[in-house]
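Enquirer: With the input below, show me the fold.
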Amino acid sequence: MSKVTVIGSGFSGLASASFLAQQGLDVTVFEKNAEVGGRARVFREDGFVFDMGPSWYWMPDVFEKYFNQFGKSAKDFYDLKKLDPGFQIIYGENDVLTIPASMKALMDEFERIEKGSSKQLEKFLKEAEFKYNVGMKELVYKPAYSWFEFANLEVLSGVLKVMFLVQLVLMCESTLRMNA
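Expert: Model (predicted):
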């Protein structure tokens, strides 16, 4: 049996080790910290718990797909509970922004801070959803053997849309600088 060493027990290291073990290799994982998890671990001090990396559970579909490849589900290992509020941003004493869990409450908070900003948030989220869907469907899970894997109408139109948005932002910034 071939032996393989994986350095680091973050998400990538653990995923690599599990797929290698699934293929029948003898895998050893080395980690410099006392706990596994890489940047997803926590730091505890004086009764407080600090995230050392991600604070949100982004892309649950990626985790579900990973566990499915081993005949499991994410629910087999953990239960997620949505927090409300989701988090707070503390700028200073008596200066706290609380981010609510519901979209309506978040939109209301945006409007309270700046009139019209909730519409901009909606626009941003719609564009982000488009980019995520194209990125996940057309880019992330491709093996990347050739550039031709990415040459399809949806990817190309997505790239053009993103490039157009970048160009628009650059033009706006240029105009603002000229008018300042």
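
Enquirer: What distance do you get for the closest residue to Ser73 other than its chain neighbours to Tyr57?
Expert: For Ser73, ignoring the flanking residues on the chain, the nearest one in space by Cβ to Cβ, 6 or more residues apart in numbering is Phe67 at 5.5 Å. All C-beta spots, glycine's among them, are computed from the backbone N, C-alpha and C. Noted for Phe67: a distance of 14 Å to Tyr57, by Cβ to Cβ, to the nearest Å.

Enquirer: So which of the two has more stuff around it?
Expert: Phe67 (15 against 11; other Cβ atoms under 10 Å).

Enquirer: quick one: secondary structure of the most centrally placed residue in the chain?
Expert: Most central in the chain under Cα atoms, centre = their mean is Trp58, positioned 4.4 Å from the mean C-alpha point. Of the three states, Trp58 takes coil under DSSP: H, G, I helix; E, B strand; the rest coil.

Enquirer: burial measure for Ser18, as a count.
Expert: 17.

Enquirer: what sits against it?
Expert: Phe70 (Cβ atoms under 8 Å, 6 or more residues apart in numbering).

Enquirer: do the same with Val49
Expert: 42-43.

Enquirer: what separates it from Met103, distance-wise?
Expert: 27 Å.

Enquirer: what's the answer for Ala15, then?
Expert: In terms of Cβ to Cβ, Ala15 sits 31 Å off from Met103.

Enquirer: One more: Glu129?
Expert: 13 Å.

Enquirer: And Trp147, by the same measure?
Expert: 38 Å.

Enquirer: Between those two, which has more neighbouring residues?
Expert: With neighbours defined as other Cβ under 10 Å, Trp147 and Met103 compare such that Met103 has more, 12 against 7.

Enquirer: what separates that one from Tyr66, distance-wise?
Expert: Relative to Tyr66, and taking Cβ to Cβ, Met103 is found at 28 Å.
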